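Q: fold the following, please.
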Amino acid sequence: MKILIITNHSYMLYRFRKELIENLMESHEVVLSMPFQGHEEDFMAMGLKCLNTKMDRRGINIKEDLKLCKGYDKLIREENPDIVITYSIKPNVYAGAVCAKRNIPYFVNVQGLGTAFQRKGLAALVTLMYKFSLRKAKKVFFENTGNAREFINRKIIKEDKTVVLSGAGINLKEYAFTPYPENDKIHFLYLGRIMKEKGIDELFAAFKRLYSELGDKVQLDLVGFYDDDYEAKVNELVNEGLAVFYGFQSEPRPYYASADCVVMPSYHEGLSNVLLEAAAMGRPIITTDIHGCKETVSDGESGLLCKVQDEESLYQKMKEFTLLTMEQRKEMGIKAREKIEKEFDKQKVVEKTVAAVFENCGK
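A: Have a look, this model is predicted:
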């Protein structure tokens, strides 16, 4: 069969779906359509046909989105795939609509609800668009039960079309268990995009309070790029000696390895790959008690859960972590790894995905 995979980011596809693509390539022809934003050459080296499909990933522009939809129609007509698999909202909606029109079996991946379902007016619009686009989807993959339930409750799809995966899973060999660091201070690591919806305001406020009590016994390490709104805040923390900012790093493992604890106080997630990676390497995590984050933690054993958008709750959990002994923190890291091995092995996620596709492709 010929399988066309459509997504909005080549870098993310390679980081989190490479193993799935390798599995599909064993018996089928695979073509990738995506904006080239990193790793496209690695895909080509694997023998894949890669099509550079440009798009505005985040903005809503009727003219540009209509152009994208027409582009997908042309792409799908020319490639004539047997199966289409989509990732992220614009490919899901626009390529999904084209597949429905052309009666091509298609499978949609909802990797999180994002801001689209947080704003009332926008949520209503996106709901209508998804209802139309997914009406003929064979299966819709979700990364947590909460997101799946949201689609069912909004009557976008019926329950029998949902498949809940353990996120993208984690490659247990690539993210091997790493001995706990013997740091002279407790390093809290935040790794990801520095933006409001990741809980950055709460994190900065909670850490400032913690630092005012413990001083140089704690440090905040920041890895990632920041939205423009946060440049001044990051510089302030760095200049005051509270934080170290490393910028975006394509290789996150050394930063996980040197961390005592990874903090992710996000407002919403599909299923956080950062938390999977950190826990796989044996690091305790502090994160919010929401779908997409809480699944990665056994609260009180492998990490700690705090309330979402709650600076006080986050502060209390970070303070609680500082009161643990070194042995308790190490044991928490061991438990984190054990949970990932048991529940989030990427190979199992790949096998479940492939089985769902070929059981329902109509071929």
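Q: hang on, residue 131 packs against residue 156?
A: Yes - counting by Cβ atoms under 8 Å, a contact exists between residue 131 and residue 156, whose distance comes to 5.1 Å. Quick note: C-beta positions are derived from backbone N, CA and C, even for glycine.
Q: more crowded one of the two?
A: residue 156 (22 against 14; other Cβ atoms under 10 Å).
Q: so who does the more buried one touch?
A: When contacts are counted by Cβ atoms under 8 Å, 6 or more residues apart in numbering, residue 156 is found next to 127, 130-131, 134.
Q: and what of residue 166?
A: By Cβ under 8 Å, 6+ apart, residue 166 lies in contact with 143, 271, 295, 343-344, 348-349.
Q: quick one: the strands in the stretch 1-150 of the chain, in order.
A: Assigned strands in the stretch 1-150 of the chain, in chain order: 2-6, 29-34, 49-52, 83-87, 106-110, 139-142 (criterion: DSSP state E, counting those that start in this stretch).
Q: give the partner strands of the fifth one in its sheet and their orientations.
A: Using DSSP bridges, strand 106-110 pairs in its sheet with strand 83-87 (parallel), strand 139-142 (parallel).
Q: so how far is the first one off the chain centroid?
A: Put simply, strand 83-87 sits 18 Å off its chain's centre (Cα atoms, centre = their mean, to the nearest Å).
Q: got it, and the last one?
A: Taking Cα atoms, centre = their mean, the mean C-alpha location of strand 139-142 is offset from the chain mean by 15 Å.
Q: pull the residues that contact it.
A: So strand 139-142 is in contact with 107-110, 134, 148, 151, 157, 161-165, 270, 353, 356-357, 360, going by Cβ under 8 Å, 6+ apart.
Q: just the CA trace of that strand, in CSV.
A: Listed next in CSV are the C-alpha coordinates belonging to strand 139-142 (Å, rounded to 0.1, in the frame of the first residue of the first chain):
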residue,chain,number,x,y,z
LYS,A,139,-10.2,6.0,13.6
VAL,A,140,-9.2,9.0,15.6
PHE,A,141,-6.2,8.5,17.8
PHE,A,142,-5.9,10.4,21.1
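Q: lowest-pLDDT helix or strand in the chain?
A: Counting by mean pLDDT, DSSP states H and E, the weakest-scoring helix or strand in the chain turns out to be helix 120-133, with a mean of 85.
Q: could you tell me the angle between it and strand 106-110?
A: On the basis of axes from the mean of the first three to the mean of the last three Cα atoms, to 10 degrees, helix 120-133 is oriented at 160 degrees to strand 106-110.
Q: list only buried entries from the contacts of residue 166.
A: Among these, those classed as buried by 16 or more other Cβ atoms under 10 Å are 143, 271, 295, 343-344, 349.
Q: if we can go back for a sec, tell me the helices and strands packed up against the least confident helix or strand of the chain.
A: Other elements packing on helix 120-133 under the criterion 3 or more Cβ pairs under 8 Å, 6 or more residues apart in numbering; DSSP states H and E are helix 96-102.
Q: what's the helix it packs on in contact with?
A: Counting by Cβ under 8 Å, 6+ apart, helix 96-102 makes contact with 69, 72-73, 76-77, 84, 86, 105-106, 108, 132-137, all of which sit outside it.
Q: cool, stretch 211-218 as well?
A: Contacts with stretch 211-218, where a contact means Cβ under 8 Å, 6+ apart, come from 185-188, 207, 210, 220, 242, 319, 322.
Q: pull out the buried positions in that stretch.
A: In stretch 211-218, residues buried by neighbour count (16+ other Cβ under 10 Å) are 211, 218.
Q: CA atoms only for it, dumped as PDB, please.
A: Presented in PDB, the C-alpha positions along stretch 211-218 are these (Å, rounded to 0.1, in the frame of the first residue of the first chain):
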ATOM      1  CA  TYR A 211      14.600  31.000  46.200                       C
ATOM      2  CA  SER A 212      13.800  33.700  48.700                       C
ATOM      3  CA  GLU A 213      13.700  31.000  51.400                       C
ATOM      4  CA  LEU A 214      16.500  28.600  50.200                       C
ATOM      5  CA  GLY A 215      18.800  30.800  48.200                       C
ATOM      6  CA  ASP A 216      21.600  29.000  46.400                       C
ATOM      7  CA  LYS A 217      20.300  25.600  47.600                       C
ATOM      8  CA  VAL A 218      18.100  25.700  44.500                       C
END
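Q: isn't residue 267 up against residue 307?
A: No - using Cβ under 8 Å, residue 267 is not in contact with residue 307; the gap is 11.3 Å.
Q: pull up the distance across stretch 102-113, start to finish.
A: The first residue of stretch 102-113 is 27 Å away from its last residue (Cα to Cα, to the nearest Å).
Q: stretch 193-207 too?
A: The straight-line separation of the ends of stretch 193-207 (Cα to Cα) is 18 Å.
Q: and for stretch 194-204?
A: Distance between the boundary residues of stretch 194-204 (Cα to Cα) amounts to 11 Å.
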